[in-house]
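1. task: produce atomic coordinates for the following.
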Amino acid sequence: MKSSHLTLKIFCLIVLNDLIDTVAQVLMKKGLVHTGIDSVNLSNVVEFAVKNASSPFLWLGIFVFALNFFVWIVILYKVDLSIAMPVGSFCYIFVPVCAMLFLHESISPVRWAGIVCIILGIHFVSQSKKSTEPERMSNG
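-> Residues are numbered from 1 along each chain as shown. From the prediction side, this is the model:
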């Protein structure tokens, strides 16, 4: 039976989903960077596609995304989408941290401030309660 509220088990499943999504994103980025193509335009789009088609990191990222799809289906079955999506925003935290660690990207203070705002938003959404009492219609 479907539960519409956020339990610890569902929360952990959503965090796992975000971790899997982060791994897939990092793998795909790593695969795309290794092609050696600096920019993509109409003149080299075929070369770009061919080089990426042979990237094991890219294919592994696609496979991980496919696994993540099935985890997401379970989450959506268990909890309302209006809860799952905002709480599932942990990838906005995980991706920059992993990009710094594994892709050696630089994250500016302004971007960190944005990430803090996202964390606050996740907190507010996870604390919200679903209205259980239907609106009363006036018989005026």
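
2. any idea how far the residue nearest to Ser106 when sequence neighbours are not counted is from Val15?
-> Counting by CB to CB, 6 or more residues apart in numbering, Met100 is the residue found nearest to Ser106 once chain neighbours are left out, at 7.5 Å. C-beta coordinates here come from the backbone N, C-alpha and C atoms, glycine included. Counting by CB to CB, to the nearest Å, the separation of Met100 from Val15 is 19 Å.

3. and for Ser55?
-> Separation of Ser55 from Val15 (CB to CB) stands at 28 Å.

4. over to Leu58. Which of the three states is it?
-> Following DSSP: H, G, I helix; E, B strand; the rest coil, Leu58 is assigned to helix.

5. so it makes contact with Val26?
-> No: using CB atoms under 8 Å, Leu58 makes no contact with Val26, being 11.5 Å away.

6. for Ser55 and Val15, indicate the residue with more neighbours.
-> Comparing Ser55 with Val15 by other CB atoms under 10 Å, the one with more neighbours is Ser55, at 19 against 15.
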